[in-house]
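Participant: Pasted the sequence and its predicted model underneath.
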Amino acid sequence: MTPQRIAQIEHDQGLDRPLPQQFVVYAENTLTGRFGISFVTNESVTTVIARAIWPTVLLVGSATLISTFFGLWAGIKGAWGRGSLFDTTSLFGSLVLYSAPEGWLGMILLIIFVGTFHWFPAGQMSSNTGQTGIANVLDILSHLFLPCMTLVLGYIGEYTIIMRSSLLEVMGEDFVMTARAKGVPDRLVRRSHAVPNALLPTLTLVFYSFGFILGGSVIVEAVFSWPGLGLLTYRAIQDLDYNVIQAVFLLFSLAVIAFNLAADITYGYLDPRVREA
Amino acid sequence: MMRRWRPVALAVTLVMVGGVALSGSALAQSSGTSSPTGNKIVLRVGVPGDMISPNPLLATNGDDYETLFNAYDLLFNFNPDDLSPSPGLATACNPSADYRTWTCDIRSGVTWSDGQPLTAEDIAFTYRFIETTDENEVFTSYLPYHPTFSVPNATTLIWKSPKPTFAPTIPPWIPILPEHIWKQYEGDGKAARGFANVPAVGSGPFVLTSWDKGQGWTMEANKNYWGGAPAIDEIQYIVYDSQEAMVQALKSGQVDFTDNLNPTLFNSLVGQPNIGTVKGTASTFTNLAFNFGGQGPDATNNPVLKDLNIRRAIAMGIDKQSIVDKVWQGDAQVGSVVTLPSRPQWFYTPTDVQSQAYDPAAANTLLDQSGYASKDPSGIRLDKNGQPIDLNIITLPEETGSVDTGKLIAAQLQQIGIGVKLQSMSDKQIENNNWYTGDFDAYVWGWGGDPDPNFILSIFITSQCLGWSDGCYSNPTYDKMFAHQSTLLDHTARVAYIQKMQQFIYDQIPEIVLNYPNYLQAYRSDRFTGWKPEPTNGGTYLFGWGNQYQGLQPLAAAESGSSSGIPTVLWVVLGLVAIAVIAFVALSRRRRAEEEA
Amino acid sequence: MQTLDPTPSEPPVLVGEPANLVPPKSPRRIGWARRRRALSAFWKTYRRSRMGMVGLVMMILFILLAVVGPFFVPAKDVSVAFATGKPFQPPTVHWLLGTDNFGRSVLSLIVVGSRISLIVGFAATVVTMVLGAGIGIASGFYGGKTDTLLNALTNWFLVIPWIALAIVMASILGPTLLNIILIIGITSWAGTARLVRAQALTVKERPYVERARALGGGDLHTIAHHILPNVMPVIFANTVLTVALSILAETTLSLLGLGDPNSISWGGIINEAFQAGALSAGYWWWIIPPGVMIVLVVLAFTMCGYALDEIINPRLRAR
């Protein structure tokens, strides 16, 4: 390769212009959705990302739903029976899960479910055996199971703890006390007074924490070779594929901002105090 | 509060469930359409990394070359016994008395996979195309002295060289491309490299039909292949980011073959039921290649490496046997020269192999005597400008053994007062950045190389800087030697001279050949039979020297399709769904009961 | 990963006014006496939290391990080149946790790795706290344009997913220990800044702060003597949780291959084992123990932080 050829590559990528000008070009390209091409695959970054987006939606979406559902359930049950065996166990379990690195959790699941029992495939999104219809759906589900479980285990603890503290707080509020004093049955107090008010901040926090579960997906996708944005990011780091790294960074940020916005709007709609303020 | 809350929560949940379901169905459809199989016989090959490109002008790694081998023909194939040229598209090439004109007889009746005839014209086109369009100089070294090509008839190719040459019999490792597809890119390197080449029109035993980047690629059998139709219908290469997942897939029968395993995983597979293991003996070498600068004024290479005594001391400071033991777990041989022990016709044992044997004490003495006696407080020697000698060594995580070898070298060089900073990078990252900026002192990588040593010897010449050269080594004496060897038409004379060149490289140490590791593969022994090792003696079953897939015959299990663990998984998933449904029903019942209370 | 505290903390309750004071000799003495009393009152409350005490004991043990442990491991034992064991020895009496691919004792690696893991945890926390407290106090205390600007910066960092930012920074700066510490610190200060700002805003309005200013106390004096002491409890609880998060962050970066290849950390050990194929080969002793250590140390700090939070945040106290 000759110096002329290198100069040509640099020119093609705009690397021979002064830095401020490069920044303007970058900003312009970003705002107009032109992320350039991936240095590694020579495809446009948009194509690369479009291919990886659905697997991540599937993984992160299902993991968020499951961990939120069970996390909230355990949190409510724990707070209502504060100090009970369930509460102590679930609080301790939550703290342990919260303390475990997601990638390592994934490896432990691999040792148990793949290495020992051979129940699930160890990675990828499908067996590539060309099956169609329901067999294909089941195939994808069986591949989804372990990475999804890893994310669920990684975040369920956090959601349980948040829900629990939030409910404990609400349970000390006057209107809950009043309802109890009025003789409203315990279950109804919980269902109609305490839980809805505690759910609000909790769900908001779940929305806010979306960025973290998205971040967790990077390592989990890398461990399980799940072909989503996380794996794309992992590979782009290894290959220093700057255009892809930039685009993923932007996309992640946009997703988190969108979720925060959604949280704010929902909160405003649900809580009149916020709406009027 | 309650009333307002519920519809929103419901809506949010529905939107999320909808999104998940939508993504699931999108994926189910996209992967379902890829190959509606009937009773196809499919060979599934697990690979630890994706292709870089099926475009010959961009091909770099072993996966690319394996694909090109299957998709295209070369002028000559390789004889599996000794890797000498054997009839390919050309049945023979005969030189004139002065070795300047070669006349090749080209096979007749060969067609491209799209039905067009393949003639000598296509071969001449391909070689001219390389001359005009291969700006990255991937293939140009096979066509020395800018030869010209002419085609008197469809089955004759005439290769005219301004100087005597034996280049046609090396043979040129250039895939023969269809003129009717590639003509439009001639002379326009950028456009040619931009051509996706999927699906690819070729003449080889298999046709590249699709490439799902990051996931894998598919090749279908070319039933009209001139060398005979393959017995299998399709090859699927499946990319695994972790070797763990790849090995598990082999154990559960999702893949039939796994390429390039690390020794730990390979040993874990030995003796497993229905799994066979293959060792390709010493088919590559690993090296510690020094950077001599020359990439440009900003190169940050350490100039101290230009001192031969430093390089000798480093060579003496590295315990190659410990790398064999610890990194390769015995599956390697101690390295010395740049040819391979698996090609005995070229391999050579240096006369003074003791002079670079592991001996930290002697290395320390050598450094003390060469003007590097003073050290900084941490025990690192100072160079002649008083700077501590700290080497920035790059290792490649995707390359088996590279990172661990780097760690061993770092610890061992500490003993002789040379500091090492390790940095991990992928091959793509090095190619995109460090190679051209010269921002490294050495790296731990390796070479496979052609059967003929011409190529591996060429990487040390000055003009290969920023081409295939590892670190822009430059030595006028060596350049002359290389030019001279390509004029030696007598085989015995050339062998003797090439031994001299190997000795020269060994003494000058532009890089340290660390080891000749074995190439480790594993396969399902219950799926296919008819594996063909290349080279025949101690070769690999695939990723060898071409034409290894045609002889594969399915055993009963392969015809009955995949025997993966899906049934169990299916029950588990269904069971979980059932539990969830029951729980939901039970909970909502109780809720209703409460409300009525 | 984020703080467990779902709401910004309320004002701390640690500044209890003592009832019967013995006439003091100097204002400084008063201050010290009051602080000592507050601290002992605090300790009495803390001691009652079983979770907090368990966490504290574990935390002290880990710190001891990191400080003292490595002195008992000869450098040779963790050297890739000079370790004496055979590769992949399963746990035995001699090799309590087996050996890795270089024949190094996994137990020795874990002991040596504890230091790096904790150093990263604490150092990144210091960066986080200095940035978070500094920006939070400046934002809350000065108000106006400074506040608008700093608050916007804080919100931006809150929104950016930390892993994306960390990855971008790590791949540009390169994976050295110092860079990893800086990266973790820079990506995680925003939560602290938000907490501290809220606290500073309320403290600023208290009468004694106005009094101090009226008496001619400068900005620095006010911040150092009035704002900071009152913000300290919030920072303290947050600090302990941040150490846990920083250790987790280091692990995540190591598992992504962005750790410092020249030093031994727990995350690095797991990554090496995974890359070498320890899962398939069944070398569980190489992959489970370092992970368990991470879980335990993070658990210890989290439990302490959580107990502190329950004390400092009165709304969480049992009723």
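Facilitator: Looks like it came in fine.
Participant: Residue numbers of the stretch 151-300 of chain C in contact with chain B?
Facilitator: Contact residues (C-beta under 8 Å from any C-beta of the partner chain) of the stretch 151-300 of chain C with chain B: C:174-175, C:257, C:261-262, C:274-283. C-beta here means a position set from N, CA and C on the backbone, and glycine is covered the same way.
Participant: Can you report how many residues neighbour the closest residue to C:Leu299 other than its chain neighbours?
Facilitator: The shortest distance from C:Leu299 to any residue other than its chain neighbours is 4.3 Å, reached at A:Ser99 (C-beta to C-beta, 6 or more residues apart in numbering or on different chains). One way to gauge burial is a neighbour count; for A:Ser99, by other C-beta atoms under 10 Å in any protein chain shown, it gives 21.
Participant: from what I can see A:Ser99 touches C:Met293, true?
Facilitator: No: using C-beta atoms under 8 Å, A:Ser99 is not in contact with C:Met293, being 10.8 Å away.
Participant: rewinding a little: which residues does the residue nearest to C:Leu299 contact?
Facilitator: A:Ser99 makes contacts with C:Ala244, C:Leu248, C:Ile294, C:Val295, C:Leu296, C:Val298, C:Leu299, C:Thr302, as judged by C-beta atoms under 8 Å, 6 or more residues apart in numbering or on different chains.
Participant: Assign the closest residue to B:Ile509 other than its chain neighbours to helix, strand or coil.
Facilitator: Of all residues beyond its chain neighbours, the one nearest B:Ile509 is B:Arg311 (4.2 Å), with distances taken as C-beta to C-beta, 6+ apart. When the structure is split into helix, strand and coil by DSSP: H, G, I helix; E, B strand; the rest coil, B:Arg311 lands in helix.
Participant: From chain C, how far out is B:Arg311?
Facilitator: Here the distance between B:Arg311 and chain C works out to 20 Å (C-beta to the nearest C-beta, to the nearest Å).
Participant: hmm, back to that, ok, the residue nearest to C:Leu299 to B:Ile389 distance?
Facilitator: Relative to B:Ile389, A:Ser99 is positioned 43 Å away (C-beta to C-beta, to the nearest Å).
Participant: how about the residues of the stretch 151-300 of chain C near chain A?
Facilitator: Close to chain A, as judged by C-beta under 8 Å from any C-beta, the stretch 151-300 of chain C has residues C:159-165, C:167-168, C:170-171, C:244, C:248, C:251-252, C:255-258, C:267, C:270, C:274, C:279-280, C:282, C:284, C:287-288, C:291, C:294-296, C:298-299.
Participant: Contacts (any at all) between chain B and stretch A:41-48?
Facilitator: Yes: contact check for stretch A:41-48 against chain B, using C-beta under 8 Å from any C-beta: residues in range are A:Thr41, A:Asn42, A:Glu43, A:Val48.
Participant: which one among those residues gets closest to chain C?
Facilitator: When the residues of stretch A:41-48 next to chain B are compared for distance to chain C (C-beta to the nearest C-beta), A:Val48 wins out at 16.2 Å.
Participant: which stretches of chain B have low pLDDT?
Facilitator: Low-confidence regions of chain B, defined by pLDDT under 70, span residues B:1-14, B:16, B:23-38, B:432, B:557-574, B:581, B:584-597.
Participant: State the pair within the residues of stretch A:41-48 next to chain B that is farthest apart.
Facilitator: In the residues of stretch A:41-48 next to chain B, the most distant members under the criterion C-beta to C-beta are A:Asn42 and A:Val48, with 10.1 Å between them.
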